[in-house]
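**Student:** got a sequence here, can you build the structure:
(chains A and B)
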Amino acid sequence: MSGVDPDRWEVVIGLEVHAELATRTKLFSSATAEFGGEPNTHVDPLTLGLPGSLPVLNVQAVELAIRVGLALNCTVQRSVFARKNYFYPDQPKNYQISQFDLPINADGWLELPSGQVVGIERAHLEEDTGKSTHVGGGGRIHDAQYSLVDLNRAGVPLLEIVGRPDLRDAEGARAYVSELRAVLVAVGASDGKMEEGSLRVDCNVSVRPRGAEELGTRCEIKNINSLRSLGRAIDYEAARQVDLITAGERVVQETRHWNEDDGRTHTLRSKEEADDYRYFPDPDLVELDPDPEWVERIRSSLPMLPAQRRHRLAERSGAAGDAVALVVERGLDDLCLAAIDAGADPARTLTHAEHNLADDRAQELDPAAFAALVRMETDGALTATQAKTVLAELVASGGDPAAIAAERGFEAMDTSELEGMVDGIIAANPDEWQRYCDGDAKITGFFVGQVMQATGGKADGKAVTALLAARRG
Amino acid sequence: MDDSGNRAPGSRIGTEEVAKVAALARLRLGDDELERFTHQLADILDHAADIEALDLDGVEPMAHPVRVVNVLRDDTPGEPLDRAEVLAQAPAAEDGQFRVPPVLGEAP
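**Tutor:** Prediction:
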């Protein structure tokens, strides 16, 4: 299978993300919503679909759904719960309670670190299902002898976030999911753990000739368990569809299953036959119509979101792009801003945060000490290499940067001392010096290396380079 | 609605459509039942048509007959059911789980 030629084909991607909301109990009953547990110990009459049991909506699930909706710039509106009818043993009621024509959150958007804005069609509340394990036939569904059902997860609140088909490649899709995850975690709605299934991604992919207006037939890919799988599944599926069309065949609208082991998508079922869920308003539940005061109270309690933090840091540091995105992702923006406030050079501050503060403990760094270190460096008291060493020690054990530098013998070299040393090295290496004077740029490194060796790494490489240039005249 | 030929003149639903709805609900209907339920469903649809004939511009659709909104409960865990008691009511159980016939295909 060939890759997709971007000059000829455009890939169109829309993602549906299911996020488990971080409540203590289920969406419509008081059974615990905790992850895991011994099978079938988190069950109550409603989870089991026992006759006479009635659903009552969890206020915290609503609160979290609204938090996410507001963070995604959605309109929070009157909503209705509907029954989505289908038969499957992981939900004994034989319907899933979801929201259909009136979702709690509608029409929002999410801004990615690249600056791209992705539309959000809706973000609605629904119940999760239980887990089934297929026994016999090597665990494959179609050969199974029987299935075992654990209903602990059935009824756990989910928010299904439906994105518009605004994404165009695997990289953008991964950036979208990771930004969405950052937002969910920031507002306290979800722990965002893809590996525990707290965040699940279904991916709609279609292709069309570049320049075409009409969308191609799409396939929905399920069973994507990581950002890496998401990228691989999109690339595979887009290439598969282009190959089909190129061969004169057509893409069939269907649900496909991503197989991590063989790196392919496989047919699960065709869409037309299964999609008749006979939705209707659930008569056991009344409308949800959040009071505007409640919504405003939630809005004012939201923390600063990743996009806002990126804008703030870019504005105050003068930096842009990947550095800012990475620093915010690592949660180091408050630290950097405090250091800049304390007089640290913004560019050096950001450079350190981007390259030298990957350690988890970096968030605990004292901003005043960080600022002092950056100032020592920009004042010429420390070289870039020395500053990096001191910073690593500050992160590991705290302390005062000046004291750490002194302890390590990182003292600024006197300029005249450095000049004498450079002159001596020039005199001892006349051939190399001639090549330098003849314009051989590569030989610069030789002289810097000689000076470093002579000073035990204490010299500032930039100062040496400047001195050499001055001597050449 | 399809324009199936199995529909009585003027009727809003035919046996074919009723058979499809029955299949979606996993109901097996005999020929006489199919006939009977088609009539009953047609009557219900006729009643809905009477309402549809009214001038309802500006009337909000109701999702529920009772004008009550926002019935909510606190997020406080309650007592779970006893697993042994729960599983004892199932036709089959194994390893603390419900044992069910093999499932064809994945959940929607």
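**Student:** so where's chain B shaky on pLDDT?
**Tutor:** Residues of chain B meeting the criterion pLDDT under 70: B:1-11, B:104-108.
**Student:** for the closest residue to chain B within the stretch 351-473 of chain A, helix, strand, or coil?
**Tutor:** Taking C-beta to the nearest C-beta, chain B has its nearest neighbour within the stretch 351-473 of chain A at residue A:363, 29.6 Å off. C-beta: built from backbone N, CA, C; applies to glycine. Counting by DSSP: H, G, I helix; E, B strand; the rest coil, the backbone at residue A:363 sits in helix.
**Student:** what pLDDT does it get?
**Tutor:** Residue A:363 is assigned a predicted lDDT (pLDDT) of 89.
**Student:** what is the burial count for it?
**Tutor:** 13 (other C-beta atoms under 10 Å in any protein chain shown).
**Student:** now do the contacts for residue B:35.
**Tutor:** By C-beta atoms under 8 Å, 6 or more residues apart in numbering or on different chains, residue B:35 lies in contact with residue B:15.
**Student:** from residue B:17, how far out is it?
**Tutor:** For residue B:35, the distance to residue B:17 equals 13 Å [C-beta to C-beta, to the nearest Å].
**Student:** mind telling me what element residue A:369 is part of?
**Tutor:** According to DSSP states H and E, residue A:369 maps onto helix A:367-378.
**Student:** helices of chain B, start to end?
**Tutor:** Using DSSP state H, the helices of chain B run over B:15-24, B:31-52, B:83-88.
**Student:** whoops, the stretch 1-150 of chain A was the one
**Tutor:** Applying DSSP state H, counting those that start in this stretch to the stretch 1-150 of chain A gives helices spanning A:59-71.
**Student:** for chain B, what's the longest strand?
**Tutor:** Ordering each strand of chain B by length in residues (DSSP state E) puts strand B:97-100 first.
**Student:** direction included, what does that one pair up with?
**Tutor:** strand A:146-150 (antiparallel), strand B:93-94 (antiparallel) (DSSP bridges).
**Student:** so what touches that strand?
**Tutor:** Applying C-beta under 8 Å, 6+ apart, the external contacts of strand B:97-100 come out as A:39-40, A:89, A:132-133, A:146-151, B:87, B:90, B:92-93.
**Student:** from those residues, which is closest to residue A:237?
**Tutor:** residue A:132 (25.6 Å; C-beta to C-beta).
**Student:** and the closest one, what does it touch?
**Tutor:** Counting by C-beta under 8 Å, 6+ apart, residue A:132 touches A:89, A:90, A:147, A:148, A:149, A:150, B:100, B:103, B:107.
**Student:** phi, psi for residue A:424 please.
**Tutor:** With angles defined as degrees, to the nearest 10, residue A:424 sits at phi -60, psi -40.
**Student:** who in chain B is up against chain A?
**Tutor:** Residues of chain B lying close to chain A by C-beta under 8 Å from any C-beta of the partner chain are B:21, B:24-26, B:63-64, B:66, B:68-78, B:80-81, B:83, B:86-87, B:94-108.
**Student:** could you rerun that using 6 Å?
**Tutor:** B:24, B:26, B:63-64, B:68-69, B:71-73, B:75, B:77-78, B:80-81, B:83, B:96-100, B:102-103, B:105-108 (C-beta under 6 Å from any C-beta of the partner chain).
**Student:** in chain B, which residue is most central in space?
**Tutor:** Nearest to the mean C-alpha position of chain B, counting by C-alpha atoms, centre = their mean, stands residue B:25 at 6.7 Å.
**Student:** from residue A:382, how far off is it?
**Tutor:** Taken as C-beta to C-beta, the span from residue B:25 to residue A:382 is 76 Å.
**Student:** check contacts around residue 73.
**Tutor:** The chain I'm using is chain A. Counting by C-beta atoms under 6 Å, 6 or more residues apart in numbering or on different chains, residue A:73 touches A:108, A:109.
**Student:** you looked at the wrong chain, it should be chain B
**Tutor:** Contacts for residue B:73 were tallied using C-beta under 6 Å, 6+ apart; they are residue A:56.
**Student:** mind checking how far stretch A:370-388 is from the chain centre?
**Tutor:** Relative to its chain's centre, stretch A:370-388 lies at 32 Å (C-alpha atoms, centre = their mean, to the nearest Å).
**Student:** how about the residue in chain B sticking out farthest from the centre: what's its closest non-neighbour residue?
**Tutor:** For chain B, the residue at maximal distance from the C-alpha centroid (C-alpha atoms, centre = their mean) is residue B:95, at 32.5 Å. Leaving aside its sequence neighbours, residue B:95 sits nearest to residue A:148 (C-beta to C-beta, 6 or more residues apart in numbering or on different chains; 6.6 Å).
**Student:** thinking again about what came up before, after the helix holding residue A:369, next one along is what?
**Tutor:** Sequence-wise, the next helix or strand downstream of helix A:367-378 (DSSP H and E) is helix A:384-397.
**Student:** what does that next one rub up against?
**Tutor:** A:356, A:359, A:361, A:362, A:365, A:369, A:373, A:377, A:401, A:404, A:405, A:410.
**Student:** how many neighbours does the first one have?
**Tutor:** Yep, that's residue A:356 we're talking about. Neighbourhood size, residue A:356 [other C-beta under 10 Å]: 16.
**Student:** what residues does the stretch 51-200 of chain A put near chain B?
**Tutor:** So the stretch 51-200 of chain A meets chain B at A:56-60, A:80, A:86-90, A:144, A:146-150 (C-beta under 6 Å from any C-beta).
**Student:** could you turn the buried ones of the residues you listed into a ChimeraX selection?
**Tutor:** Applied in ChimeraX, the following selects the buried portion of those according to 16 or more other C-beta atoms under 10 Å in any protein chain shown:
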select /A:57,58,60,80,86,88,89,90,144,147,148,149,150
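**Student:** so what's residue A:56 up against?
**Tutor:** Residue A:56 neighbours (C-beta under 6 Å, 6+ apart): residue B:73.
**Student:** where's the closest residue to residue B:41 other than its chain neighbours relative to chain A, distance?
**Tutor:** The shortest distance from residue B:41 to any non-neighbouring residue, by C-beta to C-beta, 6+ apart, is to residue B:13 (5.2 Å). Separation of residue B:13 from chain A (C-beta to the nearest C-beta, to the nearest Å) stands at 14 Å.
**Student:** what's residue B:13 sitting at in phi/psi?
**Tutor:** Here is the backbone geometry of residue B:13 (degrees, to the nearest 10): phi -150, psi 150.
**Student:** and for it, the neighbour number?
**Tutor:** There are 24 residues near residue B:13, going by other C-beta under 10 Å.
**Student:** check residue B:49 too.
**Tutor:** For residue B:49, using other C-beta under 10 Å, the count is 10.
**Student:** number of nearby residues for residue A:175?
**Tutor:** 19.
**Student:** quick one, phi/psi of the residue lying closest to it once chain neighbours are set aside?
**Tutor:** Excluding its sequence neighbours, the residue lying closest to residue A:175 (C-beta to C-beta, 6+ apart) is residue A:112, at 5.0 Å. Main-chain dihedrals, residue A:112, degrees, to the nearest 10: phi -90, psi 160.
**Student:** now do the helices in the stretch 301-450 of chain A.
**Tutor:** For the stretch 301-450 of chain A, helices defined by DSSP H, counting those that start in this stretch occupy the ranges A:306-317, A:322-329, A:333-341, A:346-355, A:367-378, A:384-397, A:401-407, A:415-428, A:430-437, A:444-455.
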